[in-house]
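Undergrad: Give me the fold of what follows.
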Amino acid sequence: MPNLSRPLLMLLVAGLVACTAPRSGGDEMALATSAVPLNTEAAGETALGKLSYLAGLEIKSPDPRFGGYSGLVLVDGGRRLLALSDLGHWLSATIERDAQGRLRNLTNGRFAAMLDDKGQPLTAKEDSDAESLRPDGRGNLVVGFERRHRVLSYKLNADGLPFGSPGLPVAPPADPAFAAQPENGSLESLAVLPDGRWLLISEDGRDANGGARVWLRRADGSAWDVASYQTTGIFQPTDAVALPNGDVLVLERRFTVVGGVGARLARVRAADIRPGHRMVGEELANWAPPRAVDNMEAIALETDAQGRTIVWLLSDDNQNPVQRTLLLQFRLD
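TA: You can find the predicted model right below:
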């Protein structure tokens, strides 16, 4: 080994640390997009139940870290999106729109590892399987995880992103059923309600009557209450988001070898979101190929300049070459 002087050795070590330590701005991730019609067999179709299709993209990247996106929020006043991957990383990108606000392209992709409470990257699958994401209204993002069933809270940096922020544990429900959820079927859905409560829906955890288990965190964080969500057929809940009036939209998906993939969107009324209650969603849309669909796992909302609710959906490609990462934009009619 060469005999390095101490100053030179210190410079080399400092450079190595700078290259390996998480950076708040993240790393560049190249993105390529192509437009997606709502229906490949009916050009110009826009109606989908109580939704109107605005635009959609298929997203690809040559970066092998790309994929697995299971949570979605819009940040910076809707100018950027932030997605989380069940492989333990964040992806942010600038949203390019046309004059009517319709999605046109994604640029400026940035990647950053998700961190644990000690500031170290989440690497092992049992630690990094992030599935749901929401702002808590207090300058943090809360994230639900599978495998090790838990919720972590990430503080936003000066750029409005959680890059470089450690994930701080949130006290879980005391209900024994929370820890007993199926390893790969738990906290897919997390919504933060306007009154400050949190709503968690288990993907595969079921109560004695077959409903999906629900936990409601009180607004002051003092305790969790239990409820349930009525599933429909073989559909499973994969994400949830609150409307300004307190209603909640629940995204669901199904998959069978024979029937393929499908998606469903339902609306739960605010009055039904209460302890001990079995929540039943009103179906807003239900679709399958040839309409644009894949493994739909993430939903986000925004309000446009006319006060209308815009619904964004994102699919998880499981880093599988036969699946797609789709970003779809709808108006809720």
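
Undergrad: Mind checking what helix or strand follows the worst-scoring helix or strand of the chain on mean pLDDT in sequence?
TA: Every helix and strand in the chain was compared by mean pLDDT, DSSP states H and E; the lowest is helix 6-20, with a mean of 35. Following helix 6-20 in sequence order, the next helix or strand is strand 27-28 (DSSP states H and E).

Undergrad: Against which helices or strands is that following strand packed?
TA: Contact here means 3 or more Cβ pairs under 8 Å, 6 or more residues apart in numbering; DSSP states H and E; on that basis strand 27-28 packs against strand 103-113. Backbone N, C-alpha and C define where each C-beta goes, glycine included.

Undergrad: try it again with 6 Å
TA: Packing contacts for strand 27-28, counted by 3 or more Cβ pairs under 6 Å, 6 or more residues apart in numbering; DSSP states H and E, involve no helix or strand.

Undergrad: Now the residue nearest in space to the middle of the chain: which helix or strand?
TA: The centroid of the chain falls nearest to G71 when counting by Cα atoms, centre = their mean (0.9 Å). Assigned by DSSP H and E, G71 falls within strand 69-75.

Undergrad: what does that strand rub up against?
TA: For strand 69-75, the external contacting residues (Cβ atoms under 6 Å, 6 or more residues apart in numbering) are 81-86, 131-133, 160, 297-298, 300, 302, 314, 316.

Undergrad: Out of those, who's the most crowded?
TA: Sorting the contacts of strand 69-75 by how many neighbours each has (other Cβ atoms under 10 Å) puts S132 first, at 30 neighbours.

Undergrad: Please confirm that that residue is located within a strand.
TA: Yes: looking at S132 with DSSP: H, G, I helix; E, B strand; the rest coil, it is inside a strand.

Undergrad: separation between it and V143?
TA: 7 Å (Cβ to Cβ, to the nearest Å).

Undergrad: re the thing from before, just the contacts of strand 69-75 now: which is nearest Y229?
TA: Checking the contacts of strand 69-75 against Y229 with Cβ to Cβ, the nearest one is S132 at 14.0 Å.
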